[in-house]
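Enquirer: need a 3D model of the following:
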Amino acid sequence: MAGVLPSSISPYSLLHSSNDKLLTISNRYLSPSPIGNAKKHSVVCFSSKKGKPGFFDVILDYIEGGPKLRKWYGAADLNTEDGSISEEADESSEEDEIRDAVLVTDGDNEIGQTIILSLIIKRIRVKALVKDKRAAIESFGTYVESITGDPKDSSFLKKSLRGVRTIICPNEGFLSKVESLKGVQHVVILSQLSVYRGSSGVQAIMNSNARKLAEEDESALVASGVPYTIIRTGLLTNDRGGKTGFSFEKGCTVNGSLSKEDAAYVCIEALDVVPERGLEFEVVNGEEKVLNWKDQFGRLMEQA
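Expert: Sure thing, here's the model as predicted:
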């Protein structure tokens, strides 16, 4: 099997291919039920036994030809007894550090894991905030630097942002806690603020805390002076991504929806287009097919 990705295969198509193969592998080794009964096409990571490659390693080995390509993806060899990552303190100064990592602020939820898989496929260095570091290490292995701690702790936040050039926030609640984004070159937020503001009754009460966090995040980001992209979505669904196009019309988020896979994909595409100051736009699933995302973001900037 080839050791490089064919230029004709996009990360998006490979992502969906990866999901299908993940389901095939999980059914083959972990479940007696046939793949035809699988209804959810999402990135699901499973723990490995001590001393054996993690399930995530098995996925990538299956997709791209085996352990010999592990280094091609930027991961270390699996040659430790327990497969764990050594905890070596990084004492490099901020002035000398290389900022080449993308920080995903929620590596536990479905969208966050889909984003992480896409970043790995693109061979981008990934850092992820997680709640359970041991489970994250068993799931992602050495492909991701998993970090856990108290978001209110300034030293923890400083460590999280070390070496980071871009932050992707799949949900709200992180940016408002950060005192400084010094050195960060771009922040991408997936925002459901339109949904929160449009809710009423009991739903509005349930969304009140999330709405407050989202508003605080956006205010903190705008005030930071760091270039940002705010992707406002409609209701997020578990529908399979890539089946329909998109709509970027103003007001489309009021009644529209967006699959979680497509939401993750738009976040990934936004990485390569850094606005001079900031870009905010609405997006839901629709009829418009996007052939060139760089051009699409350019049009959205002109319309802003």
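
Enquirer: stretch 168-182: which residues count as buried?
Expert: By neighbour count on 16 or more other CB atoms under 10 Å, the buried set for stretch 168-182 is Ile168, Cys169, Pro170, Asn171, Glu172, Gly173, Phe174, Leu175, Ser176, Lys177, Val178, Leu181. Heads up, the C-betas are built off the backbone N, CA and C, glycines and all.

Enquirer: give the rounded mean pLDDT of the strand ranked longest in the chain.
Expert: For the chain, the strand with the greatest residue count under DSSP state E is strand 278-286. Strand 278-286 carries an average pLDDT of 96.

Enquirer: which residues are in contact with it?
Expert: Contact with strand 278-286 is made by 194, 222, 227-234, 239, 244-253, 256-259, 262, 266, 297, 300-301, 303-304, as judged by CB atoms under 8 Å, 6 or more residues apart in numbering.

Enquirer: next, format the buried residues of stretch 168-182 as a markdown table and append pLDDT and secondary structure.
Expert: Shown next, in a markdown table, are the buried residues of stretch 168-182 (pLDDT from 0 to 100; DSSP: H, G, I helix; E, B strand; the rest coil):
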| residue | pLDDT | secondary structure |
| --- | --- | --- |
| Ile168 | 98 | strand |
| Cys169 | 97 | strand |
| Pro170 | 95 | coil |
| Asn171 | 91 | coil |
| Glu172 | 91 | coil |
| Gly173 | 90 | coil |
| Phe174 | 92 | coil |
| Leu175 | 92 | helix |
| Ser176 | 89 | helix |
| Lys177 | 89 | helix |
| Val178 | 90 | coil |
| Leu181 | 93 | coil |
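
Enquirer: want to throw the residues you listed into TSV with distance to Lys131?
Expert: Below are the buried residues of stretch 168-182 laid out as TSV (distance: CB to CB, whole Å):
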residue	distance to Lys131
Ile168	17
Cys169	16
Pro170	14
Asn171	13
Glu172	16
Gly173	13
Phe174	13
Leu175	18
Ser176	19
Lys177	15
Val178	18
Leu181	23
